[in-house]
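In: Requesting a structural model of the entry that follows:
(2 chains)
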Amino acid sequence: MKKKLLLLLLAASAFSYASKAQDTVKTTADAPLVLYGSVDTYYKDDLSGHANIPTSFASDNNSVSIGMIDLGLKKTVGNASFVGELSFGPRNDQSIPTSGYHIQNLYVSYNLTSKLNATAGYMSTFIGYEVISPAGNFNYSTSYLFTNGPFQNAGFKLTYAFSDKVSLMAGIFNDEWNAYTSEHDVSTFGAQLTITPVKNWTAYLNVATGPTSGTEFDLTTAYQITTAFKLGLNAATFSPSHYGGGFSGVALYPQLAVSKAVTLGLREEYFKAKTVDAGSTYVLAGPLPGGSVLGSTLTANIKAGPLTFIPEVRLDNVNKKQYSEFTDSNLAPTTSASQFVLAAVYAF
Amino acid sequence: MKKLFIALVCLLAVKSAVAQKDLLSIDEHNKYIYYQVVPQSGLTVDTFQNRAAYFLKINYPKNKVNKSELPESITGTGKLLMLTGISAAKHIDGEVNYTFNIEYKDQKYRYWLTDFVFTPYYVDRYGNSVPQPGIDIPLENGAAKLEKGQLNNYSIQISNYSKQFGDRLKQYMLMVSAAPIKSDKKKVITTKDW
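Out: Numbers count the residues shown, from 1 in each chain, chains lettered A, B, ... in the order given. Modelled structure (predicted):
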């Protein structure tokens, strides 16, 4: 028995050694098959006793709820790459309008030259500051700009790097955002100019426009000014193709690392809903057409290895009661809403 | 039974030797360094220079080589990925940038890798692993800014990479022809003559 146990140990050890040896000699330029992803859970308490703030995700009130499990695989061999990212859970369902679908990213790309890359498939949108994955955001709740903008775009794009500081992406995408298949055609044009004026400061000037999807202009920029202080900015304006409506807004994201494990951040957002013409069916998440909202979100990120605890308080204030859909604890209309969220995100 | 036990102990000893983080030393600038001096008789400075340049071109084509006015050295920078996870599917934690120096005199050469700086990666919206801007952690400051297990893992990977850099360099310095060394060239067997 002892002999068998020892043999088993020896075999396991030899296998482990062989694996290790293979790892240590792997220094080629091709990265291995890479696995990444996250899981998240949260508790939210709106002070009115019911959910009020209509931005994406974290929608359950007074409940310990789940976000999603996000699993991505990617691989590069030579000039060819693929990314496949699956997600399951309420956060997935709220990010994809097609029921039963679970793909966040599925695309292939190829470096045609050292400066020109071609990519095709279903990709996270190039527009905006915030993203669907909770591991990619500092705040757990999301902005009005994010909620009302595109989440994903399916299409084909070319990216050309003029230098380390300037690159341009241009592509043609399906007529509707967030959909795996086009409604009629592939008619949304998208472009992104990326500029890095100084080290650690990157700005993205984005446009997406099409006869079905409407037109959005977007500026997204982030500057890591010191090792402890980062400042982000997102400004956008969107107009649907017909009957008016749309939105414009700006959000500022200052973040300060106060210790190795703790970073504090503020999101200060002004968001205005444009007026609509008669016959418009355009609906957005936020104030009623013509109104505006000021959203202030104070968030802490407390790191414990791959786990991040995110306590967050948020206060949103609509400019006039007539534009507000917020209600107080008696369900009477009011101009303000406030909520507390405690989330935990494990990223790998 | 006794032989099996000895074999297991030997294997474990070899296995622990693979974790070669002790290969890194501290230099006079208090920086981690992988430093080796290799005597090699019969070669001149010109030959060392040609072979070192060829070694870099073939093995590390993405490394940046500085233009040096000195004929007896080559310097430059490179980077390596820091990986964690099981063998089948890895996670990219970040990258380590380093500088390399190769110097030669008649009959010997030396090389060292130093200025190891870790930059963590994050996964962007497209699933790409990209460097976090503005966060550069010199390996010497790793104890204050990284977790112990992370630092240990990265030190081992850097050591193994550095050792492999040196082993390959040695092969190219010994090389007679200008052809690249192919370690896995398969022998062709002919069945006609026997």
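In: Please make it C-alpha for all contacts and neighbour counts, starting now.
Out: Will do.
In: which residues does A:Leu315 contact?
Out: When contacts are counted by CA atoms under 8 Å, 6 or more residues apart in numbering or on different chains, A:Leu315 touches A:Gly295, A:Ser296, A:Thr297, A:Ser336, A:Ala337, A:Ser338, A:Gln339.
In: and if we set it to 7 Å?
Out: A:Gly295, A:Ser296, A:Thr297, A:Ala337, A:Ser338, A:Gln339 (CA atoms under 7 Å, 6 or more residues apart in numbering or on different chains).
In: Same question for the closest residue to the second one other than its chain neighbours, what's its three-state structure.
Out: Going back to what we said before, that points to A:Ser296. Setting aside the residues directly before and after it, A:Ser296 is nearest to A:Glu268 in space (CA to CA, 6 or more residues apart in numbering or on different chains), at 4.8 Å. Using DSSP: H, G, I helix; E, B strand; the rest coil, the structure places A:Glu268 in strand.
In: picking that back up, could I get the contacts of A:Leu315 in a markdown table, plus columns for secondary structure and pLDDT?
Out: Formatted as a markdown table, the contacts of A:Leu315 follow (DSSP: H, G, I helix; E, B strand; the rest coil; pLDDT from 0 to 100):
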| residue | secondary structure | pLDDT |
| --- | --- | --- |
| A:Gly295 | strand | 97 |
| A:Ser296 | strand | 98 |
| A:Thr297 | strand | 98 |
| A:Ala337 | strand | 96 |
| A:Ser338 | strand | 96 |
| A:Gln339 | strand | 97 |
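In: Among those, which one lies nearest to chain B?
Out: Closest to chain B out of the contacts of A:Leu315 is A:Thr297 (22.1 Å), distances taken as CA to the nearest CA.
In: coming back round to it: for the residue nearest to A:Ser296, list each beta-bridge partner.
Out: A:Leu252, A:Ser296 (DSSP bridges).
In: picking that back up, okay, the contacts of A:Leu315 in JSON lines with neighbour count next?
Out: Converted to JSON lines, the contacts of A:Leu315 look like this (neighbours: other CA atoms under 10 Å in any protein chain shown):
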{"residue": "A:Gly295", "neighbour count": "22"}
{"residue": "A:Ser296", "neighbour count": "20"}
{"residue": "A:Thr297", "neighbour count": "24"}
{"residue": "A:Ala337", "neighbour count": "22"}
{"residue": "A:Ser338", "neighbour count": "21"}
{"residue": "A:Gln339", "neighbour count": "22"}
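In: and the next element down the chain from whichever strand in chain A runs longest?
Out: Taking DSSP state E as the criterion, chain A has its longest strand at strand A:63-77. Using DSSP states H and E, the helix or strand that follows strand A:63-77 towards the C-terminus is strand A:80-88.
In: Are the longest helix seen in chain B and chain A in contact anywhere?
Out: In chain B, with assignment by DSSP state H, the single longest helix is helix B:148-174. Yes. Applying CA under 7 Å from any CA of the partner chain, one finds helix B:148-174 touching chain A at B:Asn160.
In: which of the residues in that helix are buried?
Out: For helix B:148-174, a neighbour-count test (16 or more other CA atoms under 10 Å in any protein chain shown) marks B:150-166, B:168-170, B:172-173 as buried.
In: correct me, but A:Thr263 touches A:Phe229?
Out: No. Using CA atoms under 7 Å, A:Thr263 makes no contact with A:Phe229, being 9.3 Å away.
In: which neighbours do those two share?
Out: With CA under 7 Å, 6+ apart as the test, A:Thr263 and A:Phe229 both reach A:Gln255, A:Leu256, A:Ala257.
In: which one of those residues has the most neighbours?
Out: Of these, A:Gln255 is surrounded by the most neighbours, 22 neighbours in total, counting by other CA atoms under 10 Å in any protein chain shown.
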